[in-house]
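> sequence plus the predicted model coming up.
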Amino acid sequence: MSMNKTDKQDIAIHVDQLTKIYRLYDRPRDRFLESLGLTRKTLSREHYALRSVSFDVARGETVGIIGVNGSGKSTILKIITGVLSATQGEVQVNGRISALLELGAGFNMEYTGRENIYLNGTMIGFSKEEIDARLEDILAFADIGQFVDQPVKTYSSGMFVRLAFAVAINIDPEILIVDEALSVGDVYFQSKCYRKFEEFKEMGRTILFVSHDLSSISRYCDRVLLLHQGSLIAEGAPRDMVDLYKKLLVGQLDTETLEAKHVPSAENETKGEPEPASWTPAFTCNPQINEYGDGTAQIVGFNILDKDGNSSNTIEKGTEWTVQMRVLFHKPVSDPIYAFTITNLKGTDITGTNTLFEKVNVRPRGEGEYQELSFTQQMDLQGGEYMLSLGCTGYDGADFVVYHRLYEVCALTVISDKNTVGFFDTNSRVRLLN
């Protein structure tokens, strides 16, 4: 990769053919024998955490890095910040870096919070006078009161991350490196962190960050890098990269050609509704599902489909999505009710519906018969994490009966680049009248 002089002045981070190899041993004694040259046989095997990765980050650009666990995201950040050394390749950084990798990794647990502020500032390259000038902003941002003069080892985890974030974000860096650190503390502190993040963007600072929060990736990034098994397989606009990542998560992406794998589907009873490639989802379900019911019916399959008809529990806000169910009846039921519910992570019901609310004329089902159905709707929930529950119920005379319910069968992630107040987007159309 070559850059002329002008290009170099506009580049904040230059990564060229970066490779990181670890040697893995089956037994600790094998490492000992090989290091001392006591065996002619190679007892280790090579693991490539990174394979010839190259990219540039321009000054003032916000770049996100996404990929499944073990793809090399954090390894790249650690090499850029000097925490790790590369096996091969080159990294050039033009500007003063503040890094939020493992929050508080540079803290001395025996020192007070105030002493750690000065320790971290000195490590980054600030003089005492420069740290003095920023001290009040750091203390106000952390908002831990008199605990700043107590040893860090006495802090709660919440106070610890607040101080670590406050130090990293308030030292006026030219380049901010963030690794999964924007969701620390309570909701009020998170809001403060995001506002600071916005300020950095408005000031034209360079930001490089890793996150599994696809909403943050979509909202803040100018460009996104997609890593897989240590290799950079794609880069581009956030929405395009998030789409590829979703396909990668469910095994529907050919990483050699970057083509989505589409499985042809059979016809559905209800024309126009998408059909799942399988009644077994391509995403991971809750391994500890709370299921109950009297056994009259059984939910034997389900799926969630995104706007493109792919099996995915990651849905973009504002797009159409579908919940599908397959129910087997062990006893005859004259008026079954099929339902789905979305809850937040605390278990509070957010929304949901059923065939009774939707005034659907369901058919009676006999023993051994199946019912396949789908609920299709627009996703208007705010970006975030939710849980999906499914149910098949009915009435025995005046008594409500649960035939089968799968409570919190899987997680549901909503991606959004614009959130409003509360759980739902009002989808307002705003006009300025003067």
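Right, received. Where do you want to start? Quick caveat: nothing in here was measured; it's all calculated off a predicted structure. Numbers count the residues shown, from 1 in each chain.
> what's the following helix or strand after the helix or strand hosting residue 195?
Here residue 195, judged by DSSP states H and E, is contained in helix 187-202. Once helix 187-202 ends, the next helix or strand along the chain (criterion: DSSP H and E) is strand 206-210.
> got the contact list for that following strand?
Residues outside strand 206-210 that contact it (C-beta atoms under 8 Å, 6 or more residues apart in numbering): 12-13, 57-66, 73-74, 77, 80, 95, 174-180, 182, 197, 200-201, 220. For glycine as for every other residue, the C-beta is placed from the backbone atoms N, C-alpha and C.
> ranges for the strands of the stretch 51-200 of the chain?
Along the stretch 51-200 of the chain, the segments classed as strands by DSSP state E, counting those that start in this stretch run 62-66, 88-93, 97-100, 175-179.
> for residue 427, find the nearest of these.
Checking the strands of the stretch 51-200 of the chain against residue 427 by C-beta to C-beta gives strand 62-66 as the closest, at 26.4 Å.
> residue 433 is nearest to which of the strands of the stretch 51-200 of the chain?
strand 62-66 (34.3 Å).
> helices or strands up against that closest one?
Counting contacts by 3 or more C-beta pairs under 8 Å, 6 or more residues apart in numbering; DSSP states H and E, strand 62-66 is packed against helix 73-80, strand 206-210, helix 214-220, strand 223-228, helix 238-249.
> mind putting these into TSV with mean pLDDT and mean neighbour count?
Output for these, formatted as TSV (pLDDT from 0 to 100; neighbours: other C-beta atoms under 10 Å):
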stretch	mean pLDDT	mean neighbour count
helix 73-80	92	23
strand 206-210	91	24
helix 214-220	80	22
strand 223-228	94	22
helix 238-249	82	21
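> of all the ones you listed, which one is nearest residue 317?
The minimum distance between residue 317 and the helices and strands packed on strand 62-66 falls on helix 214-220, with 8.3 Å, by C-beta to C-beta.
> just how off-centre is that closest one within its chain?
9 Å (C-alpha atoms, centre = their mean, to the nearest Å).
> and residue 49, which of the three is it?
strand (DSSP: H, G, I helix; E, B strand; the rest coil).
> what sits against it?
Residue 49 touches 20, 21, 22, 72, 75, 230, counting by C-beta under 8 Å, 6+ apart.
> now swap in residue 249 and tell me
By C-beta under 8 Å, 6+ apart, the neighbours of residue 249 are 68, 283, 312, 314.
> mind doing that once more with 6 Å?
Neighbouring residues of residue 249 by C-beta atoms under 6 Å, 6 or more residues apart in numbering: there are none.
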